[in-house]
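Student: dropping a prediction and its sequence here:
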Amino acid sequence: MSGAALRGFLIALMIATPALILPDVPIESSQLTVLIALIAAFMTFVEYNSSSPSIVEFRDAAPFNRLRFAALLGTVLFLSIAFKDQSSPTALTGAMTSIGTILGNSIDFPFSPVRLVVLMLPADSDPQVVQSVRTAAGIAYLTSLTAMAAFLFLVRVMGWPARGRAFNVWVNLPLFDPTAGGDVLYRLQRDARVNIALGFLLPFLIPAVVKAAADLLNPIVLDNPQTLIWTMTAWAFLPASMIMRGIAMQRIAEMIRDQRKRAYANADIDLQVA
């Protein structure tokens with residue numbers, strides 16, 4: 001229960017981070033943030049306090065979820081510090097803004113995800129808003145890439161999740177039904193490829209969809225710092241999370257394949273002995 005309560009508190013703290021760091025946050029926005037944080041904390045507590053999983057995957061395969069949470073918290077925290085520089089500049093906020101500006105300008109080349117994010121803004125957008133979007137995109141994209149690289153290191157070098165104990169598919173993949181039909185190995189490999197492909201495509205597809213929707217509806221407005229922070233966080237974190245999930249499922253498929261090979265080899269040896 002204490003672990004579930006701690007996780008719920010950390011989720012609430014992460015959601016409230018922009019409102020806590022940014023100055024001059026409207027009262028209505030703060031109240032909405034508190035409500036969302038409490039709901040998210042309660043749902044996290046209920047999920048981790050129960051012995052049976054519901055929707056959270058890889059509960060028993062640390063540090064998968066911890067790494068995703070660290071990437072999400074890092075993105076929100078770094079963006080909040082960077083946008084605080086616009087109203088309350090300090091040495092830390094200035095350094096973060098400079099790093100984000102360098103990253104955004106470096107990645108902002110033709111057909112890059114950052115360029116597509118900038119192009120989704122209305123043509124008459126304020127140059128300061130455009131630069132803020134470019135800076136936020138650079139910080140968020142680098143944080144997500146760092147999280148993916150760290151998880152790939154855990155899988156390929158550290159051997160995640162094989163840590164001397166069996167991997168429980170039901171606990172770690174509650175939304176995956178092994179008895180739904182077809183070979184489990186094939187289905188895991190297929191889902192892994194789909195997740196990785198969508199993860200690579202989403203940074204390009206999301207700006208295109210938003211731009212197409214803006215032509216039919218109202219254009220997207222990112223002049224509010226909190227709106228910009230959560231928009232850029234979702235744009236960078238969701239694809240990274242899908243790629244990490246695909247890598248994890250591919251790793252589980254490899255473990256099942258290796259286990260089958262050992263079982264077949266042992267069966268052949270038993271037949272030869274008999």
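Tutor: Sure thing, it's come through. No experiment lies behind these values; they were computed from the predicted model shown.
Student: kindly provide the distance from the closest residue to I36 other than its chain neighbours to R115.
Tutor: The shortest distance from I36 to any non-neighbouring residue, by C-beta to C-beta, 6 or more residues apart in numbering, is to I15 (5.8 Å). The C-beta positions use only the backbone N, C-alpha and C, and glycine is treated the same way. Note on I15: its distance to R115, by C-beta to C-beta, to the nearest Å, is 30 Å.
Student: worst-scoring helix or strand of this protein, pLDDT-wise?
Tutor: helix 169-172 (a mean of 80; mean pLDDT, DSSP states H and E).
Student: any idea of the mean pLDDT in the next helix or strand after that one?
Tutor: Following helix 169-172 in sequence order, the next helix or strand is helix 184-216 (DSSP states H and E). Mean pLDDT, computed over helix 184-216, is 85.
Student: for stretch 26-40, same thing?
Tutor: 87.
Student: who's in contact with I206?
Tutor: W235 (C-beta atoms under 8 Å, 6 or more residues apart in numbering).
Student: got the angle between the one helix or strand Q259 maps to and helix 184-216?
Tutor: Per DSSP H and E, Q259 falls inside helix 225-273. Per axes from the mean of the first three to the mean of the last three C-alpha atoms, to 10 degrees, the angle that helix 225-273 makes with helix 184-216 is 160 degrees.
Student: tell me which of I15 and R115 has more neighbours.
Tutor: More neighbours surround I15 than the other of I15 and R115, with 22 against 16 (other C-beta atoms under 10 Å).
Student: skip the chain neighbours and tell me the closest residue to T93.
Tutor: D85 (3.6 Å).
Student: the one you found contacts A95, correct?
Tutor: No. In this structure, D85 is not within contact of A95 by C-beta atoms under 8 Å, at 9.0 Å.
Student: that older thread, quick one: list the elements packing against the least confident helix or strand of the chain.
Tutor: Under the contact definition 3 or more C-beta pairs under 8 Å, 6 or more residues apart in numbering; DSSP states H and E, helix 169-172 sits against no other helix or strand.
Student: kindly recompute the last result at 10 Å.
Tutor: helix 225-273 (3 or more C-beta pairs under 10 Å, 6 or more residues apart in numbering; DSSP states H and E).
Student: which strands and helices sit next to the helix or strand harbouring A137?
Tutor: Assessed by DSSP H and E, A137 sits inside helix 127-156. In terms of contacts (3+ C-beta pairs under 10 Å, 6+ apart), helix 127-156 is packed against helix 64-84, helix 91-107, helix 113-119, helix 184-216, helix 225-273.
Student: can you redo these as JSON lines with distance to A149?
Tutor: What follows is the helices and strands packed on helix 127-156, written out as JSON lines (distance: least, C-beta to C-beta, whole Å):
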{"stretch": "helix 64-84", "distance to A149": "11"}
{"stretch": "helix 91-107", "distance to A149": "15"}
{"stretch": "helix 113-119", "distance to A149": "17"}
{"stretch": "helix 184-216", "distance to A149": "14"}
{"stretch": "helix 225-273", "distance to A149": "10"}
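Student: poorly predicted segments of this structure, please.
Tutor: 162-165, 181, 214-221, 267-274 (pLDDT under 70).
Student: re the thing from before, so what does the residue nearest to T93 look like in phi/psi?
Tutor: Main-chain torsions, D85, degrees, to the nearest 10: phi -60, psi -20.
Student: how many residues are close by it?
Tutor: Applying other C-beta under 10 Å, we find 19 residues neighbouring D85.
Student: got the contact list for it?
Tutor: Counting by C-beta atoms under 10 Å, 6 or more residues apart in numbering, D85 touches 91-98, 100, 135.
Student: which of the residues you listed count as buried?
Tutor: 93, 96-97, 100, 135 (16 or more other C-beta atoms under 10 Å).
Student: for A263, state which of the residues you listed is nearest.
Tutor: Nearest to A263, judged by C-beta to C-beta, of the buried ones among the contacts of D85 is G100 at 51.4 Å.
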